[in-house]
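Chemist: My questions concern the predicted model and sequence given below.
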Amino acid sequence: MTTTAEVEKPRTDPGSERAPRPRPGRIRRIGLPYLLLLPALVLELLVHLVPMVIGIVMSFKELTQFYIRDWGTAPWSGLDNYKVSVDFDAPVGEALLHSFLVTVGFTLLSVGLCWLIGTAAAIFMQDTFRGRGLLRALFLVPYALPVYAAVITWVFMFQHDNGLVNHVLHDQLHLTDKPSFWLIGDNSFYALLTVSVWKGWPFAFLIVMAGLQNIPGELYEAAALDGAGRWQQIRRITLPSLGAVNQVLLLVLFLWTFNDFNTPFVLFGRAAPEAADLISVHIYQASFVTWNFGTGSAMSVLLLLFLLAVTGVYLAVTSRGRRASHAR
Amino acid sequence: MRTIRAAATGAVVMSLALAATACGGGTSTDGEGSNDSPKTLTYWASNQGASIEVDKKVLQPELDKFEKQTGIKVKLEVVPWSDLLNRILTATTSGQGPDVLNIGNTWSASLQATGALLPWDEANLAKIGGRNRFVESALGSTGAQGKDPAAVPLYSMAYALYYNKQIFADAGIAQPPATWAELVADGKKIQAKGKQVLGAEGANVSENVHHVFVFAKQHGADFFTADGKPDFTSDGAVSAVKQYVDLMAKDKAIPQGNAEYAQNQSVSDFAKGKTAMLLWQTASANLKSQGMSEDKYGIAPVPVQSGTPGPGAQVNSMVAGINLAVFKNTDNLEGATEFVKFMTGDEEQKILNKAYSTIPPVASAQSDPGFNSPANAVLKDTLAKSAAALPQVADESQFETVIGTAVKELFADAAAGRAVTTESVKAKLAKAQQQMPTK
């Protein structure tokens, strides 16, 4: 905001209007912002766009182990990689679809829980009380920990024979008849969800907490005078005021969780159990482990298109909804 | 104005620098090797010792010796197993790799197909002393049949049955089991003493493949047809996989908890005296580092269906081992060849294989009395008589993944108490076969 104001200032300055400057100065003035953007633009091209374009090119090639050494010579395969990926009657496509559905379910649950826990915690921490700073810092620990260290600790806790989780659930609380497996079989979905929520909610907490700072205290005072209870205040003031924050927060959480590679990979290794076969690890396996980088790239491009579509629709719908509510 | 100009100049310079560094740096990946830098070599070693630090301590003095002899400085990097194949693939794709590297011998045919490794034709082999220096079984795992080897054998290993002497004595077992039926029967006696019978890495894809491969041999089956097509659902293959998984599902010899093991927990269990038996390759160094001394355990051949180990259906181990390969686009071809000759020479073979408790694949080094301990005798015998090489096909890496994953899922079924039947095994193997590349 401040930069545009500064750039526009000279134009409205009557002094510069009176005496037209020679052209080079004008070009220089107009060109300067672009020039200053240039390094960022070049970096963006190099770091993001070029690899993306290469990935898209790869998805049209038959890039198996026979060609990776000199992949200029890999034959063009047209849409074959895509056909294989979306042929849901054949094993590769079927597995991809299964993995996609698992990922969608997992992401919705994880984002929902992260948001719920994060928002609840942020609202509870709104009032000042002794030890609030300490508690805030404590809540942020999972977010600050290195992913590998945190997740490998969960692996130890989820172990069947001497893990902490089974020790508590089975040995102490006697909730299960026998120790459960968490890292293989169907329970792995819940193990993954637990770790993902544990790792993700502090971010929601942090963002919502920042959003709460922007709600003027008078609103609450006025509402209290009108006789609104705590719950009504949350519903009528807090949540509507957080609209813009939540819009971005949910989107970011969705994209991060959907794409998360580290958590499932550290939890399960290169062959994830079917119940927790997230799409990022699935694509990794389709390309690196089976050495078929063409199909892996095609799957990645499909994932990219899906996420772009979701993001676009989400932003269009939520922005329209917010504009409508503003107009009211 | 001056500051603006400076900022603008800075922006342009930085952009140009970024663009320049991005475009430079890449070398051609289709180079055929040269001798442009004759004084240095880069060597990627696999992790053979108890830790990467141990490997550095073992290898560095030898590399110094090589430098003294030839004046070539070798830069060493020890790469952990979890990274090695990915690193090699990346190096293959980018052309930015080491000059000399260790590979798992089962990868030979897959990596050979990429064309990234120098083929060891007669002329190249002659430079390091000829084909006859190496033991035949080790050469069987250096690439596809009928092609020049993609690598030469460096260390050889075989599976053996490690058993805890104390637990065996307590359970009143005089001899280690020679057949699977005996192992299951002994297991009952061991369980009566409150100990676990047999350790396994149920979630480790590679371990699973090594075991079911041997079981398949014992059932007279192969996972690939003679012309290299996957054939996973033959009766023999199904019985083989079922027999291995049944060690947990039906015979209860492998504890259910082992279904999720993938980080060598079964070795720890054995070292701690929780399990009585372990099927492993060269566990000595690992057991020692976990506090189990050599007199506490015995080493016997892996069981067979009946009779004694031998060729054909009496096979009881894969040919395990490490091969040494040269990257085709090395810029020190002569130095790399010289280095391979050094590493496969009698003296280095004796030093290194002793340090890693492996068996030298070089015949003249193998006869050294240092390799005649009872443990080594079992391994040498196995390698000489009853070990078979994993399929030497280009799709070997994919085969390991899909079959190893199928067995992992079957173990998960067994651990969850679901029935493991001939049909369920066959269905899993059929699914695995469908995932293999069709071209």
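Modeler: Yep, it's here. Residues are numbered from 1 along each chain as shown, chains lettered A, B, ... in the order given.

Chemist: ok, the closest residue to chain A within the stretch 151-300 of chain B - contacts?
Modeler: The nearest approach of the stretch 151-300 of chain B to chain A comes at B:Gly257, 4.1 Å away (C-beta to the nearest C-beta). (Each C-beta comes from the backbone N, C-alpha and C, glycine too.) When contacts are counted by C-beta atoms under 8 Å, 6 or more residues apart in numbering or on different chains, B:Gly257 touches A:His160, A:Asp161, A:Pro179, B:Ala415.

Chemist: For A:Leu255, give me its contacts.
Modeler: Neighbouring residues of A:Leu255 by C-beta under 8 Å, 6+ apart: A:Leu307, A:Thr311.

Chemist: Would you mind giving the secondary structure of it?
Modeler: Taken by DSSP: H, G, I helix; E, B strand; the rest coil, the conformation at A:Leu255 corresponds to helix.

Chemist: Can you name the residues bridging to the residue nearest to the spatial centre of chain B?
Modeler: The centroid of chain B falls nearest to B:Gly104 when counting by C-alpha atoms, centre = their mean (4.5 Å). When bridges are called by DSSP bridges, B:Gly104 pairs up with B:Ile322.

Chemist: dump the residue contacts of it.
Modeler: Each residue near B:Gly104 by C-beta under 8 Å, 6+ apart is listed here: B:Ser46, B:Trp81, B:Leu84, B:Leu85, B:Ile322, B:Asn323.

Chemist: burial count for B:Pro309?
Modeler: For B:Pro309, the neighbour count with other C-beta atoms under 10 Å in any protein chain shown is 19.

Chemist: List the contacts of the closest residue to it other than its chain neighbours.
Modeler: Among residues not flanking B:Pro309 along the chain, B:Ser386 sits closest, at 3.7 Å (C-beta to C-beta, 6 or more residues apart in numbering or on different chains). Contact analysis of B:Ser386 by C-beta under 8 Å, 6+ apart lists B:Pro301, B:Val304, B:Pro309, B:Gly310, B:Pro311, B:Gln314, B:Val315, B:Asn316, B:Ser317.

Chemist: redo that, cut-off 7 Å
Modeler: B:Ser386 makes contacts with B:Pro309, B:Gly310, B:Pro311, B:Gln314, B:Val315, B:Asn316, B:Ser317, as judged by C-beta atoms under 7 Å, 6 or more residues apart in numbering or on different chains.

Chemist: now the residues you listed: which count as buried?
Modeler: With burial judged by 16 or more other C-beta atoms under 10 Å in any protein chain shown, the buried subset of the contacts of B:Ser386 is B:Pro309, B:Gln314, B:Val315, B:Asn316, B:Ser317.

Chemist: quick check, nearest of those to chain A?
Modeler: Nearest to chain A among the buried ones among the contacts of B:Ser386, counting by C-beta to the nearest C-beta, is B:Ser317 at 23.8 Å.

Chemist: per-domain residue ranges of the chain.
Modeler: All of this refers to chain A. As assigned by automatic domain parsing, chain A contains the domains A:1-58, A:64-327.

Chemist: that answer is for a different chain, and I need it for chain B
Modeler: Taken from automatic domain parsing, chain B resolves into B:40-157+B:320-388, B:159-318+B:395-434.

Chemist: Please tabulate those domains in a markdown table and include distance to A:Ile237 and mean pLDDT as additional columns.
Modeler: Shown next, in a markdown table, are these (distance: least, C-beta to C-beta, whole Å; pLDDT from 0 to 100):
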| stretch | distance to A:Ile237 | mean pLDDT |
| --- | --- | --- |
| domain B:40-157+B:320-388 | 52 | 92 |
| domain B:159-318+B:395-434 | 49 | 93 |
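
Chemist: So B:Asn102, which state does it fall into?
Modeler: Looking at B:Asn102 with three-state DSSP, the answer is strand.

Chemist: Can you give me the distance of the nearest residue to it once chain neighbours are set aside to chain A?
Modeler: What sits nearest to B:Asn102 in space, not counting adjacent residues and going by C-beta to C-beta, 6+ apart, is B:Ser46, at 4.0 Å. Between B:Ser46 and chain A the computed distance is 18 Å (C-beta to the nearest C-beta, to the nearest Å).

Chemist: how much space between B:Ser46 and A:Ala121?
Modeler: 47 Å (C-beta to C-beta, to the nearest Å).

Chemist: quick revisit: give me whichever of the domains of chain A is most buried.
Modeler: Among the domains of chain A, domain A:64-327 has the highest mean neighbour count (mean count of other C-beta atoms under 10 Å in any protein chain shown), at a mean of 17.
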